[in-house]
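**Student:** Make a model of this:
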Amino acid sequence: MVHDLIQRLKTEYSDELFEQLYRLYADRAIRTAAAVTGSSASAADVVQETFIRVYRNLGSYDLSRPFEPWFNRILYNECNRYLKKHAKMVPSEISEERDLPAESDTYEFDRHGEVYELVQRLDDPHRIPVILKYLNDVAEKDIADMMELNVNTVKSRLFKARKKLKEWMLQNRGGNQHGT
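**Tutor:** From the prediction side, this is the model:
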């Protein structure tokens, strides 16, 4: 289905066809971008830029390859651009966007809870693979391609992230690894 849609878009672009593509990937892209950037509003901007880049580069997309990893790579690059651009900004004391749930936040389950907060504490090299694998069910090989890493590096980062998350969860509960 996606392959046929992409093929049609490459030969006979129309707004309706591109809208179909958008509907297929937008929700998952927003969820990913929100988890990576930490903000639903930022995620919307990142996803908008992602689809602009998809539109501009669709002509160079190789139909013999799967679309989803190509799309995810663009999304990942846009998330990185956003994070780099906003890393120099001084955060305000209270950021309504980050600290208060939005009225229309359909991914509220992602933004609350102990595990989500702990995942957000991880550094980017560990947090991003965790988000991609466990929130979006992206295969380790695809994560490696997106992040331009070896698959074993991704597996190692996931292992270390899970270990760190477990350690933090045990600390929050006042116990240790042996349950005491």
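
**Student:** For Asp124, see how far away the most centrally placed residue in the chain is.
**Tutor:** In the chain, the centroid-proximal residue (CA atoms, centre = their mean) is Thr32; its distance is 2.8 Å. Here Thr32 is placed at a distance of 14 Å from Asp124 (CB to CB, to the nearest Å). In this view, the C-beta of every residue, glycine as well, is placed from N, C-alpha and C.

**Student:** what residues are shared contacts of the two?
**Tutor:** When contacts are counted by CB atoms under 8 Å, 6 or more residues apart in numbering, Thr32 and Asp124 have no shared neighbour.

**Student:** Quick check: which ranges of this protein have low pLDDT?
**Tutor:** The chain contains residues with pLDDT under 70 at 88-113, 174-180.

**Student:** how about the strands of it, start to end?
**Tutor:** Using DSSP state E, no strands are found in the chain.

**Student:** Helices of that one, start to end?
**Tutor:** Using DSSP state H, the helices of the chain run over 2-11, 15-37, 40-57, 67-87, 96-99, 108-111, 114-121, 124-130, 140-147, 151-172.

**Student:** From the contact counts, what lies against the fourth one?
**Tutor:** Using 3 or more CB pairs under 8 Å, 6 or more residues apart in numbering; DSSP states H and E, the elements in contact with helix 67-87 are helix 2-11, helix 15-37, helix 40-57, helix 124-130, helix 140-147.
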